[in-house]
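Undergrad: Got a predicted model here, sequence first, then my questions.
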Amino acid sequence: MGSVKDLIVKKSPTQNEMGVGQFIFSDRYSVFDWGEMPDHIPDKGKSIAILSAYFFEKLENMGMQTHFIGIVNENNKPLKLEELTSPSNIMEIKLLRVLKPKYKDGKYDYSIYKYEKGNFLIPLEIIYRNSLPSGSSVFKRLKEGKIEPEDLGLSKYPEPGEKLDKPILDVSTKLEASDRYITWEEASQLACLFDKEVQKIKEMTNTINSLITKEFEKIGFVNEDGKIEVGFNVDRQIMLVDVLGTLDECRFTYKGIPMSKEIARIYYRKTPWYEAVNEAKSKYGPEWKKHCKINPEPLPEELKNSIADIYRYCTNIITGKEWFKLTNSLDKNLSTIEKYCN
(Lines give C-alpha, C1' and ligand atoms only; values in the text may rest on other atoms or scores of the structure.)
Protein backbone atom coordinates (compact mmCIF):
# COMPACT_ATOMS: atom_id res chain seq x y z
CA MET A 1 0.00 0.00 0.00
CA GLY A 2 2.92 2.34 0.55
CA SER A 3 6.64 2.72 0.25
CA VAL A 4 7.40 1.70 3.87
CA LYS A 5 4.54 -0.59 4.90
CA ASP A 6 2.23 -3.13 3.28
CA LEU A 7 -1.40 -3.91 4.02
CA ILE A 8 -3.10 -7.29 4.23
CA VAL A 9 -6.88 -6.99 4.04
CA LYS A 10 -8.53 -9.70 6.17
CA LYS A 11 -11.99 -8.23 5.82
CA SER A 12 -12.83 -5.36 3.47
CA PRO A 13 -14.69 -2.33 4.87
CA THR A 14 -18.09 -1.44 3.50
CA GLN A 15 -20.19 1.69 3.70
CA ASN A 16 -21.71 0.47 6.97
CA GLU A 17 -19.06 -1.74 8.54
CA MET A 18 -15.35 -1.41 9.30
CA GLY A 19 -13.02 -4.04 7.94
CA VAL A 20 -9.98 -5.71 9.48
CA GLY A 21 -6.44 -5.58 8.17
CA GLN A 22 -2.79 -5.93 9.09
CA PHE A 23 -0.03 -3.41 8.55
CA ILE A 24 3.28 -5.10 7.70
CA PHE A 25 5.94 -2.57 8.64
CA SER A 26 9.03 -3.02 6.50
CA ASP A 27 12.61 -1.84 6.94
CA ARG A 28 12.18 0.30 3.82
CA TYR A 29 12.32 4.09 4.05
CA SER A 30 11.28 6.96 1.82
CA VAL A 31 12.28 10.63 1.65
CA PHE A 32 10.99 13.50 -0.51
CA ASP A 33 8.08 11.38 -1.85
CA TRP A 34 10.51 9.13 -3.79
CA GLY A 35 9.12 5.85 -2.52
CA GLU A 36 11.36 2.90 -1.66
CA MET A 37 15.00 3.98 -1.36
CA PRO A 38 17.85 1.69 -2.50
CA ASP A 39 18.68 0.20 0.92
CA HIS A 40 16.89 -0.83 4.12
CA ILE A 41 17.28 0.13 7.80
CA PRO A 42 17.47 -3.03 9.97
CA ASP A 43 14.71 -3.46 12.62
CA LYS A 44 13.02 -0.23 11.58
CA GLY A 45 9.71 -1.99 10.83
CA LYS A 46 9.50 -3.73 14.20
CA SER A 47 10.59 -0.56 16.03
CA ILE A 48 7.82 1.48 14.43
CA ALA A 49 5.16 -1.15 15.09
CA ILE A 50 6.03 -1.43 18.79
CA LEU A 51 6.42 2.30 19.44
CA SER A 52 3.21 3.20 17.61
CA ALA A 53 1.32 0.50 19.53
CA TYR A 54 2.61 2.05 22.76
CA PHE A 55 1.07 5.43 21.85
CA PHE A 56 -2.18 3.92 20.54
CA GLU A 57 -2.67 2.11 23.85
CA LYS A 58 -1.88 5.27 25.84
CA LEU A 59 -4.38 7.32 23.84
CA GLU A 60 -7.11 4.69 24.07
CA ASN A 61 -6.68 4.73 27.85
CA MET A 62 -7.22 8.50 27.62
CA GLY A 63 -10.54 7.90 25.82
CA MET A 64 -9.48 8.47 22.22
CA GLN A 65 -10.84 6.19 19.49
CA THR A 66 -8.18 4.51 17.34
CA HIS A 67 -8.04 1.80 14.70
CA PHE A 68 -5.48 -0.22 16.70
CA ILE A 69 -6.35 -3.82 17.60
CA GLY A 70 -3.00 -5.34 18.58
CA ILE A 71 0.50 -6.41 17.60
CA VAL A 72 0.44 -9.82 15.89
CA ASN A 73 2.60 -12.54 17.42
CA GLU A 74 4.16 -15.64 15.85
CA ASN A 75 0.79 -17.44 16.11
CA ASN A 76 -0.90 -14.65 14.09
CA LYS A 77 -2.77 -13.49 17.19
CA PRO A 78 -3.14 -9.75 17.93
CA LEU A 79 -1.90 -8.91 21.43
CA LYS A 80 -1.49 -5.86 23.63
CA LEU A 81 2.11 -4.86 24.28
CA GLU A 82 2.17 -6.25 27.82
CA GLU A 83 1.28 -9.69 26.40
CA LEU A 84 3.90 -9.64 23.66
CA THR A 85 7.14 -11.53 24.34
CA SER A 86 9.17 -10.57 21.25
CA PRO A 87 9.01 -7.70 18.74
CA SER A 88 6.85 -8.06 15.64
CA ASN A 89 6.44 -5.86 12.59
CA ILE A 90 2.74 -6.73 12.13
CA MET A 91 -0.10 -4.62 13.55
CA GLU A 92 -3.75 -5.61 13.29
CA ILE A 93 -6.12 -2.72 12.69
CA LYS A 94 -9.71 -1.80 11.94
CA LEU A 95 -10.03 -0.76 8.31
CA LEU A 96 -11.84 2.26 6.92
CA ARG A 97 -12.64 2.89 3.28
CA VAL A 98 -10.12 4.92 1.27
CA LEU A 99 -11.98 7.11 -1.22
CA LYS A 100 -9.45 8.53 -3.65
CA PRO A 101 -10.15 11.85 -5.41
CA LYS A 102 -9.97 11.62 -9.20
CA TYR A 103 -7.23 13.49 -11.07
CA LYS A 104 -8.60 15.16 -14.16
CA ASP A 105 -7.61 18.15 -16.28
CA GLY A 106 -4.71 19.06 -13.99
CA LYS A 107 -6.53 19.00 -10.66
CA TYR A 108 -8.09 16.64 -8.11
CA ASP A 109 -11.85 16.25 -7.80
CA TYR A 110 -12.99 15.70 -4.18
CA SER A 111 -16.70 15.77 -4.89
CA ILE A 112 -17.07 12.15 -3.77
CA TYR A 113 -16.90 13.32 -0.15
CA LYS A 114 -20.12 15.31 -0.53
CA TYR A 115 -22.09 12.08 -0.60
CA GLU A 116 -20.39 10.10 2.18
CA LYS A 117 -21.40 10.11 5.85
CA GLY A 118 -18.90 7.84 7.56
CA ASN A 119 -16.52 4.90 7.63
CA PHE A 120 -13.74 6.46 5.52
CA LEU A 121 -10.27 7.92 5.79
CA ILE A 122 -10.27 11.72 5.93
CA PRO A 123 -7.94 12.63 3.01
CA LEU A 124 -5.69 14.91 5.05
CA GLU A 125 -2.48 14.84 7.04
CA ILE A 126 -2.44 16.97 10.18
CA ILE A 127 0.94 18.41 11.12
CA TYR A 128 1.82 19.96 14.48
CA ARG A 129 4.88 22.18 14.79
CA ASN A 130 6.46 23.00 18.15
CA SER A 131 9.46 24.62 16.49
CA LEU A 132 10.75 25.33 13.01
CA PRO A 133 13.94 23.33 12.28
CA SER A 134 16.00 24.53 9.34
CA GLY A 135 14.64 21.66 7.22
CA SER A 136 11.01 22.59 7.88
CA SER A 137 8.91 22.99 4.75
CA VAL A 138 7.59 26.20 6.27
CA PHE A 139 10.72 28.09 5.17
CA LYS A 140 10.39 26.89 1.57
CA ARG A 141 6.74 27.94 1.48
CA LEU A 142 7.59 31.34 2.94
CA LYS A 143 10.43 31.83 0.44
CA GLU A 144 8.19 30.91 -2.50
CA GLY A 145 5.51 33.31 -1.29
CA LYS A 146 2.94 30.56 -0.81
CA ILE A 147 2.29 31.68 2.76
CA GLU A 148 2.98 34.70 4.95
CA PRO A 149 4.04 34.56 8.65
CA GLU A 150 0.58 35.72 9.73
CA ASP A 151 -0.95 32.70 7.96
CA LEU A 152 0.79 30.62 10.64
CA GLY A 153 -0.16 32.96 13.45
CA LEU A 154 3.34 34.47 13.57
CA SER A 155 4.00 38.19 13.95
CA LYS A 156 7.33 38.12 12.08
CA TYR A 157 9.43 36.03 9.70
CA PRO A 158 10.71 33.05 11.77
CA GLU A 159 14.34 32.03 12.18
CA PRO A 160 15.54 28.44 11.48
CA GLY A 161 15.48 26.52 14.75
CA GLU A 162 13.00 28.91 16.33
CA LYS A 163 10.92 27.45 19.15
CA LEU A 164 7.30 28.56 18.89
CA ASP A 165 5.36 30.11 21.76
CA LYS A 166 2.50 27.73 20.98
CA PRO A 167 2.21 24.88 18.45
CA ILE A 168 1.17 25.57 14.86
CA LEU A 169 -1.32 23.13 13.34
CA ASP A 170 -0.78 22.72 9.60
CA VAL A 171 -2.69 20.55 7.14
CA SER A 172 -1.90 18.91 3.80
CA THR A 173 -3.57 16.63 1.30
CA LYS A 174 -3.05 12.89 1.81
CA LEU A 175 -4.19 11.05 -1.31
CA GLU A 176 -2.57 13.09 -4.09
CA ALA A 177 0.67 12.15 -5.92
CA SER A 178 2.60 14.62 -3.70
CA ASP A 179 1.43 16.07 -0.41
CA ARG A 180 0.14 19.62 -0.92
CA TYR A 181 -0.17 22.10 1.95
CA ILE A 182 -3.55 23.78 2.09
CA THR A 183 -5.41 26.11 4.42
CA TRP A 184 -7.80 24.77 7.04
CA GLU A 185 -10.63 26.39 5.10
CA GLU A 186 -9.65 24.46 1.95
CA ALA A 187 -9.20 21.27 3.99
CA SER A 188 -12.70 21.65 5.36
CA GLN A 189 -14.11 22.12 1.86
CA LEU A 190 -12.19 19.19 0.30
CA ALA A 191 -13.21 16.67 2.93
CA CYS A 192 -16.65 18.21 3.54
CA LEU A 193 -15.97 18.70 7.26
CA PHE A 194 -18.22 20.59 9.64
CA ASP A 195 -16.64 23.32 11.77
CA LYS A 196 -17.05 21.23 14.93
CA GLU A 197 -15.22 18.34 13.23
CA VAL A 198 -12.29 20.58 12.30
CA GLN A 199 -12.18 21.78 15.90
CA LYS A 200 -12.23 18.18 17.17
CA ILE A 201 -9.35 17.23 14.87
CA LYS A 202 -7.32 20.18 16.17
CA GLU A 203 -8.05 19.24 19.80
CA MET A 204 -7.00 15.63 19.16
CA THR A 205 -3.79 16.79 17.49
CA ASN A 206 -2.89 19.02 20.44
CA THR A 207 -3.54 16.16 22.89
CA ILE A 208 -1.35 13.78 20.88
CA ASN A 209 1.39 16.37 20.52
CA SER A 210 1.45 16.93 24.30
CA LEU A 211 1.64 13.19 25.01
CA ILE A 212 4.47 12.53 22.54
CA THR A 213 6.37 15.59 23.76
CA LYS A 214 6.17 14.49 27.42
CA GLU A 215 7.15 10.90 26.66
CA PHE A 216 10.24 11.88 24.67
CA GLU A 217 11.23 14.60 27.14
CA LYS A 218 11.90 11.76 29.60
CA ILE A 219 14.91 10.74 27.49
CA GLY A 220 16.00 14.27 26.64
CA PHE A 221 14.54 14.31 23.12
CA VAL A 222 12.81 17.41 21.76
CA ASN A 223 9.61 16.85 19.75
CA GLU A 224 10.06 19.39 16.95
CA ASP A 225 7.07 18.43 14.78
CA GLY A 226 5.01 15.45 13.69
CA LYS A 227 1.91 14.30 11.87
CA ILE A 228 -1.23 12.28 12.40
CA GLU A 229 -4.03 10.88 10.23
CA VAL A 230 -7.69 10.51 11.11
CA GLY A 231 -10.88 9.01 9.75
CA PHE A 232 -14.59 8.70 10.45
CA ASN A 233 -16.06 5.54 11.93
CA VAL A 234 -19.48 4.27 10.85
CA ASP A 235 -21.18 6.82 13.14
CA ARG A 236 -19.00 9.66 11.76
CA GLN A 237 -17.02 9.90 14.99
CA ILE A 238 -13.40 10.88 14.46
CA MET A 239 -10.84 8.16 15.10
CA LEU A 240 -7.06 8.08 14.95
CA VAL A 241 -5.56 5.91 12.18
CA ASP A 242 -2.24 5.01 10.52
CA VAL A 243 0.73 5.27 12.97
CA LEU A 244 2.03 7.98 15.27
CA GLY A 245 4.78 8.94 17.67
CA THR A 246 7.52 7.15 15.74
CA LEU A 247 10.75 8.38 14.22
CA ASP A 248 9.07 8.28 10.81
CA GLU A 249 6.11 10.43 11.78
CA CYS A 250 7.88 12.90 14.08
CA ARG A 251 11.01 14.99 13.91
CA PHE A 252 13.03 14.72 17.15
CA THR A 253 16.36 16.21 18.20
CA TYR A 254 18.75 15.39 21.02
CA LYS A 255 21.21 18.09 22.03
CA GLY A 256 20.50 19.69 18.65
CA ILE A 257 21.27 16.48 16.71
CA PRO A 258 18.48 15.05 14.49
CA MET A 259 17.08 11.78 15.87
CA SER A 260 14.54 10.65 13.29
CA LYS A 261 14.06 10.08 9.57
CA GLU A 262 15.31 13.65 9.29
CA ILE A 263 18.84 12.18 9.46
CA ALA A 264 18.35 10.64 6.01
CA ARG A 265 16.69 13.80 4.68
CA ILE A 266 19.65 15.94 5.78
CA TYR A 267 22.12 13.50 4.21
CA TYR A 268 20.30 13.37 0.88
CA ARG A 269 19.77 17.13 0.69
CA LYS A 270 23.53 17.36 0.07
CA THR A 271 23.40 15.00 -2.92
CA PRO A 272 22.78 15.78 -6.63
CA TRP A 273 19.75 13.49 -6.47
CA TYR A 274 17.88 15.98 -4.25
CA GLU A 275 18.32 18.77 -6.79
CA ALA A 276 17.13 16.45 -9.56
CA VAL A 277 14.01 15.59 -7.54
CA ASN A 278 13.15 19.25 -7.00
CA GLU A 279 13.69 20.04 -10.67
CA ALA A 280 11.46 17.15 -11.77
CA LYS A 281 8.70 18.10 -9.30
CA SER A 282 8.65 21.70 -10.50
CA LYS A 283 8.43 20.69 -14.19
CA TYR A 284 6.28 17.58 -14.33
CA GLY A 285 3.72 17.64 -11.50
CA PRO A 286 2.27 14.29 -10.40
CA GLU A 287 4.40 12.35 -12.92
CA TRP A 288 7.68 13.90 -11.76
CA LYS A 289 9.36 10.68 -10.66
CA LYS A 290 9.59 9.06 -14.09
CA HIS A 291 11.25 12.23 -15.39
CA CYS A 292 13.84 12.49 -12.57
CA LYS A 293 17.29 12.20 -14.16
CA ILE A 294 19.15 10.71 -11.16
CA ASN A 295 18.44 7.78 -8.84
CA PRO A 296 19.47 7.96 -5.14
CA GLU A 297 22.58 6.15 -3.92
CA PRO A 298 22.41 3.95 -0.74
CA LEU A 299 23.26 5.52 2.61
CA PRO A 300 26.83 5.07 3.88
CA GLU A 301 26.93 1.78 5.84
CA GLU A 302 27.95 3.31 9.19
CA LEU A 303 25.24 5.98 8.93
CA LYS A 304 22.61 3.39 8.09
CA ASN A 305 23.61 1.30 11.13
CA SER A 306 23.49 4.34 13.42
CA ILE A 307 20.01 5.27 12.17
CA ALA A 308 18.90 1.69 12.87
CA ASP A 309 20.26 1.93 16.41
CA ILE A 310 18.38 5.18 17.06
CA TYR A 311 15.10 3.51 16.07
CA ARG A 312 15.91 0.57 18.37
CA TYR A 313 17.04 2.81 21.24
CA CYS A 314 13.91 4.98 21.24
CA THR A 315 11.57 1.99 21.16
CA ASN A 316 13.41 0.31 24.04
CA ILE A 317 13.59 3.38 26.25
CA ILE A 318 10.14 4.85 25.63
CA THR A 319 8.30 1.55 26.12
CA GLY A 320 10.50 0.56 29.08
CA LYS A 321 11.44 -2.85 27.65
CA GLU A 322 14.56 -4.05 25.85
CA TRP A 323 13.06 -5.31 22.59
CA PHE A 324 16.33 -4.86 20.65
CA LYS A 325 20.10 -5.06 21.21
CA LEU A 326 22.01 -2.01 19.97
CA THR A 327 24.95 -2.42 17.59
CA ASN A 328 26.89 0.55 19.00
CA SER A 329 26.77 2.78 22.06
CA LEU A 330 24.53 5.85 21.90
CA ASP A 331 27.58 8.12 21.97
CA LYS A 332 29.13 6.29 19.01
CA ASN A 333 25.88 6.62 17.05
CA LEU A 334 25.58 10.33 17.87
CA SER A 335 29.14 10.88 16.68
CA THR A 336 28.41 9.14 13.38
CA ILE A 337 25.21 11.10 12.80
CA GLU A 338 26.98 14.41 13.53
CA LYS A 339 29.70 13.45 11.05
CA TYR A 340 27.22 13.14 8.18
CA CYS A 341 24.64 15.78 9.17
CA ASN A 342 26.84 18.78 9.96
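TA: Received, thanks.
Undergrad: Now the spatially most distant residue from the centre of the chain. Its backbone dihedrals?
TA: In the chain, the residue that sits farthest from the middle, by C-alpha atoms, centre = their mean, is Asp105; the gap is 29.5 Å. Dihedral angles phi and psi of Asp105 (degrees, to the nearest 10) take the values phi 50, psi 40.
Undergrad: what separates it from Ile112, distance-wise?
TA: Taken as C-beta to C-beta, to the nearest Å, the spacing of Asp105 relative to Ile112 amounts to 16 Å. C-beta here means a position set from N, CA and C on the backbone, and glycine is covered the same way.
Undergrad: Next: Ser335.
TA: Counting by C-beta to C-beta, the gap between Ser335 and Ile112 amounts to 51 Å.
Undergrad: now swap in Lys289 and tell me
TA: Here the criterion is C-beta to C-beta. By it, Lys289 lies 26 Å from Ile112.
Undergrad: coming back round to it: for the residue farthest from the centre of the chain, give its distance to Asp170.
TA: Using C-beta to C-beta, one gets 28 Å for the distance from Asp105 to Asp170.
Undergrad: Ok, Cys292 next?
TA: To Asp170, Cys292 is 26 Å away according to C-beta to C-beta.
Undergrad: mind listing what the closest residue to Glu176 other than its chain neighbours touches?
TA: The spatially closest residue to Glu176, leaving aside those adjacent along the chain, is Tyr108, at 5.7 Å (C-beta to C-beta, 6 or more residues apart in numbering). For Tyr108, the contact set (C-beta atoms under 8 Å, 6 or more residues apart in numbering) comprises Pro101, Lys102, Thr173, Glu176.
Undergrad: Just want the phi and psi numbers for Tyr108.
TA: phi -100, psi 140.
Undergrad: Over to Glu338?
TA: For Glu338, the backbone dihedrals (degrees, to the nearest 10) come out as phi -60, psi -40.
Undergrad: wait, isn't it in contact with Pro258?
TA: No - Glu338 lies out of contact with Pro258 (C-beta atoms under 8 Å); the separation is 9.6 Å.
Undergrad: Around Phe23, how many other residues sit close by?
TA: 25 (other C-beta atoms under 10 Å).
Undergrad: And the helices in the protein, which stretches?
TA: Secondary structure of the chain (DSSP state H): helices at 44-61, 137-143, 184-191, 195-217, 262-269, 272-284, 301-319, 330-341.
Undergrad: now for the ones you listed, which one comes closest to Met37?
TA: Nearest to Met37, of all the helices of the chain, is helix 262-269, at 7.7 Å by C-beta to C-beta.
Undergrad: So which residues make contact with that closest one?
TA: For helix 262-269, the external contacting residues (C-beta under 8 Å, 6+ apart) are 29, 31-32, 37, 133, 135, 251, 258, 274, 296, 299, 303, 306-307, 310, 337, 340-341.
Undergrad: Return the set of buried residues in stretch 84-94.
TA: By neighbour count on 16 or more other C-beta atoms under 10 Å, the buried set for stretch 84-94 is Leu84, Pro87, Ser88, Asn89, Ile90, Met91, Glu92, Ile93, Lys94.
Undergrad: Tell me the one of those residues nearest Gly245?
TA: Of all these, Met91 has the smallest distance to Gly245: 13.2 Å, by C-beta to C-beta.
Undergrad: Tell me what the closest residue to the closest one other than its chain neighbours is bridged to.
TA: Across the structure, with C-beta to C-beta, 6+ apart as the measure, the residue nearest Met91 apart from its sequence neighbours is Phe23 (4.5 Å). According to DSSP bridges, Leu7, Met91 are recorded as the beta-bridge partners of Phe23.
Undergrad: Any regions of the stretch 151-300 of the chain where pLDDT drops low?
TA: Segments of the stretch 151-300 of the chain classed as low confidence (criterion: pLDDT under 70) are not present in this model.
Undergrad: give me that answer again for 90
TA: Per-residue confidence of the stretch 151-300 of the chain (counting by pLDDT under 90) places the weak regions at 151-155, 161, 177-179, 255-262, 282, 284-287.
Undergrad: Counting neighbours, what do you get for the residue nearest to Pro42 when sequence neighbours are not counted?
TA: In this structure, Pro42 finds its nearest non-sequential neighbour in Ala308, 4.6 Å apart by C-beta to C-beta, 6+ apart. Ala308 has 22 neighbouring residues, counting by other C-beta under 10 Å.
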